[in-house]
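In: sequence plus the predicted model coming up.
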Amino acid sequence: MSLPSTPLRLAAAVVVLLLAILLPFVVTGGAAKNLVVLALLFAVVASNWDLTLGYAGIFNFAHVAFFGIAGYVSAIATIYFGLPVWLDIALAVAVVAVLAGVTAALALRLRGIYVALVTFAFVQLCVALIISQKWLTGGAVGLVGVPDLALFGHRLSPSGPDYLILAELLLIASTVFLRFLVRSDFGLSIVALRDNEAYAVARGISATRQRVLAMVASSLFTAAAGAVYAHYLIVASPDVFSFSLTTLILSMVLLGGGATIYGPIMAAIALTVVTEQLAGFGVVRFMIIAVLIVLTLRFLPGGLWSLGERLTVLRRNSKQGIGA
Amino acid sequence: MTNSDTILAVKGLGKSFGSLVAVDDVSFTIRRGEILGIAGPNGAGKTTLFNLLSRNPIVADRGHVIFDGQRIDRLSPHRIFRAGLARTFQKETAFFKLTVAENVRLGAVYGAGLRGAAANAAVNAALEMLELTPLKHQEAGALTVYGTKRLMIASAMVASPKLLLMDEPASGLNTIEQAELKTLILRLRDQGTSILLIEHILPLLFGVSERVMVMDFGRKLTEGSPAEIARDPRVIDAYLGGVNSESAHAA
């Protein structure tokens, strides 16, 4: 995999960090800020989905449900049980991690498209439970009244830059975690299983254990994002389980480029912003976005991230051509 | 019956696919430090036998396998590798998007349970043994056929297996590479690894094996020294098609 050289990567990291510091000062308008917060949270969800879908090759359609379940755990814990904020996020992460492990252990006995079917059925089960258990979940309306987060007595205000900074920090922490994972022996093992399972197990890799771990790992920051999302919007809504949100996040992974981490983050931000910029086109905007996705994947099957890799190769080749 | 001198004892192993009996009541043993060759025409069940021994990707319907004193016919494939029974595949196989060193590292970390400096040392030793050190940072997909075959062996040897199952390692190699491979197989044996070798190139098979087992139609036809096998009329009939076996003697 061709990655930019270390100085270039360092420079990119500095630029991203500067942008992250500047962003809360630049984006101050209510609508724009809201858009950026959502884009950043969706970037967390998409890049974590990339761990299972892109790196591990698991067709896990329950990923966005983990995001939604975390919101409900947070909402129920704070509204009904008065759990202090932040602790509810930890609880949401723990509950979702266990659920992800159980789902993985059951689904990963199957292969390929059947994993997709089982995990999709899991999402439907979640929706049915949430709609039917109105006394606990608020039914189709959702559970309204999730309190704002607070830090050292300071309530995080949805109208100020607080949630934007929190979303940024979450994305940075999640990205560092994911990059650490995919560059570790664990990362190698899930890629090995994806590319040739028979050979991987013939070299001592436990397929079930590694895949379950991948699902659990990908659920951690997804759950944290889901809980923050519920606090930010003050509601845990069944809309999060909708097929359209799953499709949107999946588009981010595919458009950005699977098995890259950075690609889905880039695509999450681009798709959220572009969707909003095209708001004036009404429903036609979804058609425009769909065409853009089809064209991108037709000409860049590796996603937007592969464009950078292609340019790096072209530049290297042209340099060698000049040198020859 | 096994004793401490036996590394692998196979008893009554069988596998059927519907009405087709792919492996039929096969029994044999391998001694420690021995190379046992397996010969037989295409479709004789040789690779299926390897698949059954490693339980990857299929498992036996009947029979049992005792490896190094313990039954392994209920273990999962990754545990069989960890127990010390490694295999290579007939087709050139690697994790093609990973580097050569990363391919070997997986065997060290997940097969042998090594970490840190111990894993690095084992990887470097295996790369050195298979003469892959200069290529360690190269993507495995860029290797030659012989390079990929050596990588398969390196990623097995890094876990110091007690028994290595080699499935047609010489297929696709030129004569110089075949000669190198022969030396390599003998070196692995001399370092203490027992070897079960499937090979169609008889001069190589007969040249390295202490004993040869011949399979036909999923059954074990006979077993003996290479010289005995080359003279056996049943083998000539089934495998050599009645052709004079001088090429085998030449080995």
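Out: Noted; the coordinates are in hand. Numbers count the residues shown, from 1 in each chain, chains lettered A, B, ... in the order given.

In: so how many other residues sit close to residue A:98?
Out: For residue A:98, the count of nearby residues is 12 (other C-beta atoms under 10 Å in any protein chain shown). Where C-beta positions appear, they are placed from N, C-alpha and C, glycine not excepted.

In: what pLDDT, on average, does whichever strand or helix holds it get?
Out: Counting by DSSP states H and E, the element that carries residue A:98 is helix A:87-107. Confidence over helix A:87-107, taken as the mean pLDDT, stands at 96.

In: need the strands for the stretch 151-251 of chain B, in chain order.
Out: Assigned strands in the stretch 151-251 of chain B, in chain order: B:163-167, B:194-198, B:211-216, B:219-224 (criterion: DSSP state E, counting those that start in this stretch).

In: closest one to chain A among the ones you listed?
Out: Using C-beta to the nearest C-beta as the criterion, the shortest distance between chain A and those is 9.7 Å, found for strand B:163-167.

In: send the alpha carbons of the helix holding residue A:98 over as CSV?
Out: The C-alpha trace of helix A:87-107 is given here as CSV (Å, rounded to 0.1, in the frame of the first residue of the first chain):
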residue,chain,number,x,y,z
LEU,A,87,-20.9,7.6,32.8
ASP,A,88,-23.8,6.9,30.5
ILE,A,89,-21.5,7.1,27.6
ALA,A,90,-19.1,4.5,29.2
LEU,A,91,-22.2,2.3,29.8
ALA,A,92,-23.3,2.7,26.2
VAL,A,93,-19.9,1.7,25.0
ALA,A,94,-19.8,-1.3,27.3
VAL,A,95,-23.3,-2.5,26.3
VAL,A,96,-22.7,-2.1,22.6
ALA,A,97,-19.3,-3.8,22.8
VAL,A,98,-21.0,-6.9,24.4
LEU,A,99,-23.8,-6.8,21.8
ALA,A,100,-21.3,-6.5,19.0
GLY,A,101,-19.4,-9.5,20.4
VAL,A,102,-22.6,-11.6,20.7
THR,A,103,-23.8,-10.5,17.2
ALA,A,104,-20.4,-11.3,15.7
ALA,A,105,-20.2,-14.7,17.5
LEU,A,106,-23.6,-15.7,16.0
ALA,A,107,-23.3,-14.1,12.6
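
In: picking up where we left off before, Serialize the strands of the stretch 151-251 of chain B to JSON lines and add fields for distance to residue A:267, mean neighbour count and mean pLDDT.
Out: As requested, the strands of the stretch 151-251 of chain B are exported to JSON lines (distance: least, C-beta to C-beta, whole Å; neighbours: other C-beta atoms under 10 Å in any protein chain shown; pLDDT from 0 to 100):
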{"stretch": "strand B:163-167", "distance to residue A:267": "43", "mean neighbour count": "24", "mean pLDDT": "98"}
{"stretch": "strand B:194-198", "distance to residue A:267": "48", "mean neighbour count": "24", "mean pLDDT": "98"}
{"stretch": "strand B:211-216", "distance to residue A:267": "54", "mean neighbour count": "23", "mean pLDDT": "96"}
{"stretch": "strand B:219-224", "distance to residue A:267": "58", "mean neighbour count": "18", "mean pLDDT": "96"}
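
In: tabulate these (a markdown table), appending distance to residue A:195.
Out: Formatted as a markdown table, these follow (distance: least, C-beta to C-beta, whole Å):
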| stretch | distance to residue A:195 |
| --- | --- |
| strand B:163-167 | 20 |
| strand B:194-198 | 25 |
| strand B:211-216 | 31 |
| strand B:219-224 | 35 |
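
In: so which of the ones you listed is nearest residue B:4?
Out: Between residue B:4 and those, the shortest separation by C-beta to C-beta is 13.2 Å, and it involves strand B:194-198.

In: that closest one and chain A in contact?
Out: No: Strand B:194-198 stays out of contact with chain A when judged by C-beta under 8 Å from any C-beta of the partner chain, the minimum separation being 14.5 Å.

In: not counting sequence-adjacent ones, nearest residue to residue B:31?
Out: When the adjacent residues along the chain are set aside, residue B:31 lies closest to residue B:5, with 5.4 Å between them (C-beta to C-beta, 6 or more residues apart in numbering or on different chains).

In: got it, and residue A:251?
Out: If the residues on either side of it in the chain are set aside, residue A:251 comes closest to residue A:293, at 5.7 Å by C-beta to C-beta, 6+ apart.

In: next, count neighbours for the one you found.
Out: Other residues lying near residue A:293 total 16 when counted by other C-beta under 10 Å.

In: is stretch A:313-320 anywhere near chain B?
Out: No: under the criterion of C-beta under 8 Å from any C-beta, stretch A:313-320 makes no contact with chain B; the nearest approach is 13.7 Å.

In: pLDDT of that stretch, averaged?
Out: Per-residue pLDDT over stretch A:313-320 has a mean of 81.

In: for chain A, longest helix please?
Out: Among the segments of chain A that qualify as a helix by DSSP state H, the longest is helix A:207-233.

In: give me the buried positions along the strand or helix carrying the residue nearest to residue A:251.
Out: Secondary-structure element containing residue A:293, defined by DSSP H and E: helix A:284-299. Taking 16 or more other C-beta atoms under 10 Å in any protein chain shown as the basis for neighbour counts, the residues of helix A:284-299 that come out buried are A:285, A:289, A:292-293, A:296-297.

In: out of the residues you listed, which is nearest to chain B?
Out: For chain B, the nearest member of the buried residues of helix A:284-299 is residue A:297. The distance, counting by C-beta to the nearest C-beta, is 19.9 Å.

In: wait, that closest one sits on residue A:253?
Out: No: the criterion here is C-beta atoms under 8 Å, and residue A:297 misses it with residue A:253 at 11.5 Å.

In: now the stretch 101-250 of chain B against chain A: closest residue?
Out: Nearest residue of the stretch 101-250 of chain B to chain A (C-beta to the nearest C-beta) works out as residue B:111 at 3.1 Å.

In: that residue - nearest residue in space that isn't next to it in sequence?
Out: residue A:204 (3.1 Å).

In: correct me if wrong, but that neighbour is in a helix.
Out: No: counting by DSSP: H, G, I helix; E, B strand; the rest coil, residue A:204 is not part of a helix but coil.

In: show me what contacts it?
Out: Counting by C-beta atoms under 8 Å, 6 or more residues apart in numbering or on different chains, residue A:204 touches B:78, B:81-82, B:106-107, B:110-112, B:159.

In: helices - which of those residues land there?
Out: Secondary-structure check on the contacts of residue A:204 using DSSP H: residues within helices are B:78, B:81-82, B:106.

In: what about the helix or strand harbouring residue A:175, average pLDDT?
Out: Per DSSP H and E, residue A:175 falls inside helix A:162-183. Helix A:162-183 shows a mean pLDDT of 97.

In: then stretch A:126-140?
Out: When pLDDT is averaged along stretch A:126-140, the result is 96.

In: where does pLDDT dip in the chain?
Out: Unless you meant another one, I'm taking chain A. Scanning chain A with the threshold set as pLDDT under 70 gives A:1-5, A:321-324.

In: hmm, I had chain B in mind actually
Out: In the predicted model, chain B carries pLDDT under 70 at residues B:1-3, B:239-251.
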